[in-house]
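*Asks:* Show me how the following folds:
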Amino acid sequence: MLEQIQQKKAKGSETDEELSAMREELITLANAAKEHKLPVIITIDGWSAAGKGSQIAKLIKYMDPRFYNVESIRDANDTERRMPWMHRFWLRLPAKGNFLILDGSWYRDTINGYMKGELDKSEYKQRIEDINTFERQLTDDGYLLIKLFLHIDRDEQERRLKKLMSSEITRWRVNDLDLENNKKYDKYLKCYDKTLTRTNTSFAPWNVIAANDKKSSQYAIMKIVTQSIKAACAAAGQGERYVPAPMFPVTEYAPVTFKMHPVKKLCDVDMDKSLTDEEYAAKLEKYQNMLFELQSRCYQRKIPVVIAYEGWDAGGKGGNIKRVASALDPRGYEVKPIAAPEPSELARHYLWRFWKRLEKDGHFTIFDRTWYGRVMVEPIEHITPAERADMAYREINEFEQQLSRWGAVVIKFWINIDKEEQYRRFKEREDTPSKQWKITDEDWRNREKWDEYEKAVDRMTALTSTDFAPWTIIEGNDKKYARIKALKTICGRLEERLLSSDD
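*Replies:* Reported below is the predicted structural model:
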């Protein structure tokens, strides 16, 4: 791919005039992106000394600084290294109508890690899969992703590096990695070319810029950016999604496939499960003590634990979570109650608010309601179009797989009660002053859609019960039984994970 790029010189005054016109147009287009609520991500990658910083400065010169953010991606810090590797990029997602301009990106992490021997071939291949998944998820959600690679030849790179190093003012801008980039130019060229080819997809194609001449590269960048935003805004105005024209033949994208774990339909679950008070007290002490010890071992080995609770209204999620949390060292867990999304969350990909709530490795993240609202509540309540909600099954499996590959134990509970038990609990809440805050008109309204929700739950569990994140259906008519089953399940999954890490 890179060897096909021919370096060229700027055309002179004609280029200056066109550049000036495109700069003026960019101001208008930025306002149009705001109007159409189009989030734009521009990644500028390329060789060391290719001029990424100066090209970004020229690109944003005439833009409104309130609506863009420039991020320079460097090596992950200690905190970032304790999270999934894509975590820091999810956190940076711009809101609808805003721009994110990246000096380096997820590609910098991957290529440099591979070239420095920090990633083996298998890990590099996995990174490429994660990148394609991430970019597809963003573009499916309406993000405009413009990927630019600044290509310079070895002699031009060497000349620029020497010029930077010759001045005390600019010497600091050259580091050992930059010199290595030039010294092993041919090896880096091969890696860049392989990476760009494998991530040159129909939904996120690469734009390779001949950057030996700074003015011609500035012209090319401005042209690509303005044309892309113009086309994306026009498509958005017609209720369509912009599909960019690729510069090179695209790589056929094959989504990740998943091995599924069997799970029962709710109607087939035996709800006749209960414990006596004596059995409950003994088992509660046993499993809470066991969980406390397992938490300590997970912390020592930096194993993250993600526990997701879903279930019927009045199913007993709160009481169940309380018994789990009370067994844990409070310094090592966080409970994340999930309510309706805030405006800042609605303005981004729906998974953003869950990525940002993850705790670092060695810690427990307990979600009281989860990302599964996307495939249950939202389509039933007509918040999200059915077509977009259907795409979430794959996105959720991809999200949980990335958590699993990070090393997390992902434990998912559906707290199940029957319709009669829910009615009894609703009435109890209404008749008990101290519990009346727990019951709302919305609870009664949701109950009227019981059959619709039951079908949605059965579909959800069938399509998202994977071997790395299986669903556990908790028989919840008896709260004591439900609490013990949850504790026992958590302990069992953690023991299994710790044993596998010993092998």
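*Asks:* show me where the stretch 351-500 of the chain has helices.
*Replies:* Ranges of helices in the stretch 351-500 of the chain, per DSSP state H, counting those that start in this stretch, are 352-355, 377-380, 386-406, 419-431, 441-447, 450-464, 479-502.
*Asks:* Figure out which of those is closest to residue 128.
*Replies:* With CB to CB as the measure, helix 386-406 is the member of the helices of the stretch 351-500 of the chain nearest residue 128 (13.4 Å). Using the backbone N, CA and C atoms, a C-beta is placed for each residue, glycine as well.
*Asks:* So which bits of that closest one are buried?
*Replies:* Neighbour-count burial for helix 386-406, with 16 or more other CB atoms under 10 Å as criterion, is recorded at 389, 391-404, 406.
*Asks:* got it, and stretch 116-125?
*Replies:* For stretch 116-125, by 16+ other CB under 10 Å, it's 119, 124.
*Asks:* cool, and stretch 29-49?
*Replies:* In stretch 29-49, residues buried by neighbour count (16+ other CB under 10 Å) are 29-30, 32-34, 36, 38-49.
*Asks:* Quick one: end-to-end distance for that stretch.
*Replies:* With CA to CA, to the nearest Å as the measure, stretch 29-49 spans 29 Å from end to end.
*Asks:* Could you give the separation of it from the chain centroid?
*Replies:* The gap between where stretch 29-49 is centred and where its chain is centred comes out at 19 Å by CA atoms, centre = their mean, to the nearest Å.
*Asks:* in the stretch 1-150 of the chain, which ranges drop under the pLDDT threshold?
*Replies:* Counting by pLDDT under 70, the ranges of the stretch 1-150 of the chain that qualify are 10-14.
*Asks:* so where do the strands sit in it?
*Replies:* 40-46, 68-72, 99-103, 144-151 (DSSP state E, counting those that start in this stretch).
*Asks:* now for those, which one comes closest to residue 215?
*Replies:* Among the strands of the stretch 1-150 of the chain, the nearest to residue 215 by CB to CB is strand 144-151 (13.4 Å).
*Asks:* Give me the residues contacting the closest one.
*Replies:* Residues lying outside strand 144-151 but in contact with it, judged by CB atoms under 8 Å, 6 or more residues apart in numbering, are 2, 5, 33, 38-47, 50-52, 55, 135, 138-139, 192, 196, 203-211, 217, 221, 224-225, 228-229, 232, 242.
*Asks:* could you check the angle strand 99-103 makes with that strand?
*Replies:* Put simply, strand 144-151 runs at 20 degrees to strand 99-103, going by axes from the mean of the first three to the mean of the last three CA atoms, to 10 degrees.
*Asks:* Okay, now the sheet partners of strand 144-151, with direction.
*Replies:* Strand 144-151 has the following sheet partners, assigned by DSSP bridges: strand 40-46 (parallel), strand 206-210 (parallel).
*Asks:* Take those and write them to TSV, including distance to residue 422.
*Replies:* Below are the strands paired with strand 144-151 laid out as TSV (distance: least, CB to CB, whole Å):
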stretch	distance to residue 422
strand 40-46	44
strand 206-210	53
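*Asks:* and residue 287, which of the ones you listed is closest to it?
*Replies:* Proximity to residue 287, assessed across those by CB to CB, is greatest for strand 40-46 (45.6 Å).
*Asks:* thinking again about what came up before, taking the buried residues of helix 386-406, tell me the two that lie furthest apart.
*Replies:* Looking across these, with CB to CB as the criterion, the two at the greatest separation are 389 and 406, at 25.8 Å.
*Asks:* So for stretch 334-353, mean pLDDT?
*Replies:* Along stretch 334-353, the predicted confidence averages to a pLDDT of 97.
*Asks:* End to end on that stretch, go ahead and measure it.
*Replies:* Start and end residues of stretch 334-353 are separated by 15 Å (CA to CA).
*Asks:* Measure how far that stretch is from the centre of its chain, please.
*Replies:* Relative to the centre of its chain, stretch 334-353 is centred 13 Å away, using CA atoms, centre = their mean.
*Asks:* List the buried residues for it?
*Replies:* For stretch 334-353, a neighbour-count test (16+ other CB under 10 Å) marks 335-336, 338, 347-353 as buried.
*Asks:* Closest to residue 491 out of the residues you listed?
*Replies:* Sorting the buried residues of stretch 334-353 by distance to residue 491 puts residue 335 at the head of the list, at 18.4 Å, by CB to CB.
*Asks:* got a list of what the residue nearest to residue 488 when sequence neighbours are not counted touches?
*Replies:* If the residues on either side of it in the chain are set aside, residue 488 comes closest to residue 287, at 5.6 Å by CB to CB, 6 or more residues apart in numbering. Residues counted as contacts of residue 287 (CB under 8 Å, 6+ apart) are 327, 484, 487-488, 491.
*Asks:* Strands of the stretch 201-350 of the chain, start to end?
*Replies:* Using DSSP E, counting those that start in this stretch, strands in the stretch 201-350 of the chain cover 206-210, 305-311, 333-337.
*Asks:* So for residue 413, which of these sits nearest?
*Replies:* Closest among those, once you apply CB to CB, is strand 305-311, at 5.3 Å.
*Asks:* Can you tell me the strand partners of the closest one and which way each runs?
*Replies:* Checking strand 305-311 against DSSP bridges gives partners strand 364-368 (parallel), strand 409-416 (parallel).
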